[in-house]
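Student: fold the stuff below for me.
(one chain, ligands or ions: 1)
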Amino acid sequence: MPATPAWPPRSLPRLFVRTPLSDDAAVALDPGQAHYLGQVMRRAVGDELLLFDGTSGEWLGRIDVAERKRMSVRIERRTRAAETLPDLILAFAPVKRAQTDWLVEKATELGVARLQPVMTRRTNSERVRIERLEAIAIEAAEQCGRTTLPAIAAPLALEPFLGGLGGRRLYFADEQGGEPVTSTLAPGPAAILIGPEGGFAEEERAAIRAAPGAVAISLGPRILRAETAALAALTAYMALA
Ligand code: SAM
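Tutor: Below you'll find the predicted structure:
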């Protein structure tokens, strides 16, 4: 028996980088990543890690420089091709910060392609920090094994959102009733729309229902919190897709 058992294996750190990856590429990690790998994960020259750049899949690399604030990695080989995700937009009226963060993290794990904040009459969060949401999505993608990041769009008012759907189906989660979710969702380009904590105003609800391709869906007899409703609808769609 070896003095240091090889089992269980140390799982490889997995990081998103903005440098395009390819065989034998040299990748300089940013100072935050260098600190995390060197000081937190105690990785050193010669150690392996996984990197992804959001477009070219996932790659195995080996640390070739490990200084306190500078670390670089030499790419050895591709471990996975880029995944193809269902063409799904999750449109949501931003809720409080912690709940919006949770929603972005979980939607990323579940494989959403695009997150679209939609400002409605009763939206109770006026400010959406896109950079913060992108950082949350990156961390979630690093942890769950995604090879792509969700696009996080700038907030839109409800009307331009409805006008810009370009023919995709719009599943409108309506707590006042709609088609049962499991018998209505179909694979194909779609958007799911979740309302704010205060619900949609009556004229907003009418405009959504009248939008081309809109179908009201029910997620059951209870009033769910907005982020719970988003995840329930997303999970149902992903199970089908
Ligand atoms: N203020 C509203 C009320 O009291 O009736 C509740 C709004 S709910 C907290 C936030 C959003 O989650 C809704 O606008 C809707 O999009 C979605 N939602 C919650 N429960 C739902 C359900 N059972 N079916 C479909 N959508 C639901």
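Student: helices along this structure, start to end?
Tutor: In the chain, the helices defined using DSSP state H lie at 31-35, 97-110, 130-144, 158-163, 181-184, 202-210, 226-240.
Student: mind listing what's buried in the third one?
Tutor: What that stands for is helix 130-144. 133-134, 136-138, 140-142 (16 or more other CB atoms under 10 Å). C-betas here are computed from N, CA, C, even on glycine.
Student: just give me the closest of the residues you listed to the ligand.
Tutor: Distance to the ligand across the buried residues of helix 130-144 (CB to the nearest ligand atom) is lowest for L133, with 19.0 Å.
Student: you'd agree that closest one is up against L103?
Tutor: No: contact criterion CB atoms under 8 Å: L133 and L103 do not qualify, at 9.3 Å.
Student: rewinding a little: now the two most distant members of the buried residues of helix 130-144.
Tutor: The span of those, defined through CB to CB, is set by L133 and E142 at 15.1 Å.
Student: if we can go back for a sec, looking at the helices of the chain, which is closest to the ligand?
Tutor: So among these, helix 226-240 is nearest, using CB to the nearest ligand atom, at 3.5 Å.
Student: list the buried residues for the closest one?
Tutor: 226-234, 236-238.
Student: can that helix be found next to the ligand?
Tutor: Yes: shown here: helix 226-240 in contact with the ligand (CB under 6 Å from any ligand atom) through 226, 229.
Student: measure how far that helix is from the centre of its chain, please.
Tutor: 13 Å (CA atoms, centre = their mean, to the nearest Å).
Student: for the closest residue to the ligand within the chain, which residues are in contact?
Tutor: Residue of the chain nearest the ligand, by CB to the nearest ligand atom: G195 (2.3 Å). Residues near G195 by CB atoms under 8 Å, 6 or more residues apart in numbering: 93, 120, 122, 173, 175, 226.
Student: torsion angles phi and psi at it?
Tutor: Per-residue torsions, G195: phi -90, psi 180 (degrees, to the nearest 10).
Student: equivalent analysis for the one 5 residues further on, please.
Tutor: Reported as degrees, to the nearest 10, the phi and psi values for F200 are phi -80, psi 150.
Student: didn't R121 look like it was pressed against E204?
Tutor: Yes: applying CB under 8 Å as the test, R121 and E204 come out as touching, 6.2 Å apart.
Student: any chance you could map the strands in this protein?
Tutor: 14-16, 26-28, 48-52, 58-66, 71-80, 88-92, 114-119, 151-152, 156-157, 169-173, 179-180, 190-194, 214-218 (DSSP state E).
Student: rank those strands by pLDDT, which is bottom?
Tutor: Across the strands of the chain, strand 179-180 has the smallest mean pLDDT, namely a mean of 94.
Student: flag every residue of the protein that's near the ligand.
Tutor: Checking the chain against the ligand by CB under 6 Å from any ligand atom, the hits are 173-175, 194-195, 197-200, 218-220, 222-226, 229.
Student: by contact count, what packs against the lowest-mean-pLDDT helix or strand in the chain?
Tutor: In the chain, no helix or strand scores lower on mean pLDDT, DSSP states H and E than helix 181-184, which sits at a mean of 90. Here helix 181-184 touches strand 214-218, helix 226-240, going by 3 or more CB pairs under 8 Å, 6 or more residues apart in numbering; DSSP states H and E.
Student: closest one to L51 among those?
Tutor: helix 226-240 (25.6 Å).
Student: low-confidence stretches in this protein?
Tutor: Scanning the chain for pLDDT under 70 picks out 1-10.
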